[in-house]
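In: Pasting a predicted model and its sequence here:
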Amino acid sequence: MDRLESIETFVRVAETQSFAEAARQMRIAKSVVTSRVKQLEDHVGAPLFHRSTRVVRLSDVGQAFLRDCTSLVARANDVMDQMRGARAGPTGVLRVHALTGFVLGHFAALLHAFQVSYPDIRLELIVSDAVVDPVKAGVDCALQIFPAASTELISRPLFPVRRVFCATPEYLRSKGAPQSPRDLHKHALGLYSGYPTRDRWTFRHGDDEITLYMNAALLTNSVHLLREYALEHAGIVCLPTLVAGDSILKGDLEVVLPEHQLSSFSLSAVYAGTSRNAFKLKLFIEHIAAAFSRVPPWDAQMIERGMLPEKIIEG
């Protein structure tokens with residue numbers, strides 16, 4: 001029995017709570033996963049899981065065994081990665097889950113630069129707006145604006161994600177520009193469905209604060225669809241500046257109620273503290289962090305032209 005291999009398999013089953021999912025993530029047959037866990041149980045002399053047709057959960061022995069095993073696997077992989085890095089550069093697969101709104105338009109150049117620096121790291125990128133637990137999803141980290149799904153996960157903020165209401169100049173000439181947040185109720189609104197605040201929208205102007213619940217003419221999980229909807233002169237939409245910035249700077253879209261700020265979110269890298277690919281993951285996160293200052297370039301240009309205030313309101 002390869003003890004480290006069996007221990008790693010045990011940890012993956014415990015994290016995913018599924019023999020089948022562990023097999024899928026490790027790219028091995030389910031029978032191999034079952035065999036490795038059985039060998040480890042025979043070696044320990046006690047069952048590590050309680051199994052049923054629907055649920056796989058840790059036994060008391062498995063629960064006591066898990067933390068040390070998780071640290072052991074993470075440390076072993078980290079040492080191997082650093083040894084490879086010292087000799088010939090880091091190698092292997094790094095799996096990342098990323099928000100659609102961030103990936104489209106801003107991420108390809110970043111990925112290319114990372115691969116130039118580390119050509120032997122193969123990236124697998126899953127793109128969606130879903131909230132995921134990176135451990136259960138089988139990824140090394142998730143780039144998202146949502147809070148971490150578990151207190152056992154680490155969330156490292158990378159840069160703020162500001163939001164603005166905007167519309168085409170043609171739409172505003174035709175329908176009139178809102179003078180206060182409550183005027184938004186008179187317009188066709190396009191809103192993103194995935195913000196942690198849901199339908200609750202808080203606007204701040206100096207010391208004044210207004211909270212509204214708004215109905216959307218178009219509610220979607222695609223910020224890029226919202227931008228296209230606005231560019232069709234269909235209504236006023238709320239967009240993150242990382243998606244709307246280029247269109248606003250070109251004059252195709254115009255910020256509505258610029259003096260009333262919405263709270264911002266942080267785009268964060270969410271990952272397990274005991275990640276198996278800790279060394280490669282550290283390189284990847286540092287690469288992203290170095291590319292964006294605390295004020296990302298799309299916001300910096302809008303601030304310079306007076307389209308955004310410098311001060312940011314944290315979510």
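Out: In hand now; what should we look at?
In: Could you check how far E170 is from P297?
Out: Distance of E170 to P297, given as Cβ to Cβ, to the nearest Å: 28 Å. Heads up, the C-betas are built off the backbone N, CA and C, glycines and all.
In: lowest-confidence helix or strand of this structure?
Out: The weakest-scoring helix or strand in the chain, judged by mean pLDDT, DSSP states H and E, is helix 60-87 (a mean of 74).
In: Need phi/psi at the residue lying closest to Y118 once chain neighbours are set aside.
Out: The shortest distance from Y118 to any residue other than its chain neighbours is 5.8 Å, reached at P90 (Cβ to Cβ, 6 or more residues apart in numbering). For P90, the backbone dihedrals (degrees, to the nearest 10) come out as phi -70, psi 150.
In: Correct me if wrong: P90 contacts N277.
Out: No. At 9.0 Å, P90 does not count as touching N277 under the criterion of Cβ atoms under 8 Å.
In: Break the chain down into its structural domains.
Out: Domain ranges of the chain: 3-85, 89-159+266-297, 163-263, per automatic domain parsing.
In: what's the closest of those domains to I303?
Out: Comparing these by their distance to I303 (Cβ to Cβ), the top pick is domain 89-159+266-297, with 7.1 Å.
In: measure the closest one end to end?
Out: Using Cα to Cα, to the nearest Å, the end-to-end distance of domain 89-159+266-297 comes to 31 Å.
In: Report the mean confidence score over it.
Out: Across domain 89-159+266-297, pLDDT averages out at 86.
In: Check the offset of it from the chain's centre.
Out: Distance, stretch centre to chain centre, for domain 89-159+266-297: 7 Å (Cα atoms, centre = their mean, to the nearest Å).
In: Also stretch 206-214?
Out: 27 Å.
In: What residues of it count as buried?
Out: Going by neighbour count (16 or more other Cβ atoms under 10 Å), nothing in stretch 206-214 comes out as buried.
In: Pull the residues that contact that stretch.
Out: 180-182, 184-185, 189, 191, 199-203, 260 (Cβ atoms under 8 Å, 6 or more residues apart in numbering).
In: now for those residues, which pair is the farthest apart?
Out: Largest pairwise distance in the contacts of stretch 206-214, by Cβ to Cβ, is 18.8 Å, between S180 and D199.
In: Number of residues surrounding the closest residue in space to P160 that isn't next to it in sequence?
Out: Distances taken as Cβ to Cβ, 6+ apart place S264 nearest to P160, at 4.6 Å, with adjacent residues excluded. Look at S264: counted by other Cβ atoms under 10 Å, it has 19 neighbours.
In: Against Y195, how distant is S264?
Out: With Cβ to Cβ as the criterion, S264 and Y195 are 11 Å apart.
In: Kindly report the same for L262.
Out: The value you get for L262 to Y195, if Cβ to Cβ is used, is 10 Å.
In: ok, now D208?
Out: From D208 to Y195 the distance is 22 Å (Cβ to Cβ).
In: For L219, what are phi and psi?
Out: Taking degrees, to the nearest 10 as the convention, L219 sits at phi -110, psi 120.
In: my guess is it contacts A188, does it?
Out: No. At 11.8 Å, L219 and A188 do not qualify as touching, with contact defined as Cβ under 8 Å.
In: Excluding sequence neighbours, find me the nearest residue to P296.
Out: Going by Cβ to Cβ, 6+ apart, P296 has F159 as its nearest residue, at 4.9 Å.
In: Can you verify that neighbour is assigned to a strand?
Out: Yes. Looking at F159 with DSSP: H, G, I helix; E, B strand; the rest coil, it is inside a strand.
In: show me the contacts for it.
Out: So F159 contacts S266, L267, F292, S293, R294, V295, P296 (Cβ under 8 Å, 6+ apart).
In: Looking at strand pairing, list the partners for it.
Out: As for beta bridges, F159 partners with L267 under DSSP bridges.
In: From S266, how far off is it?
Out: 7 Å.
In: ranges for the helices of this structure?
Out: Assigned by DSSP state H, the chain shows helices spanning 3-16, 19-26, 30-44, 60-87, 100-106, 108-117, 134-137, 169-175, 223-231, 241-250, 278-291, 297-304.
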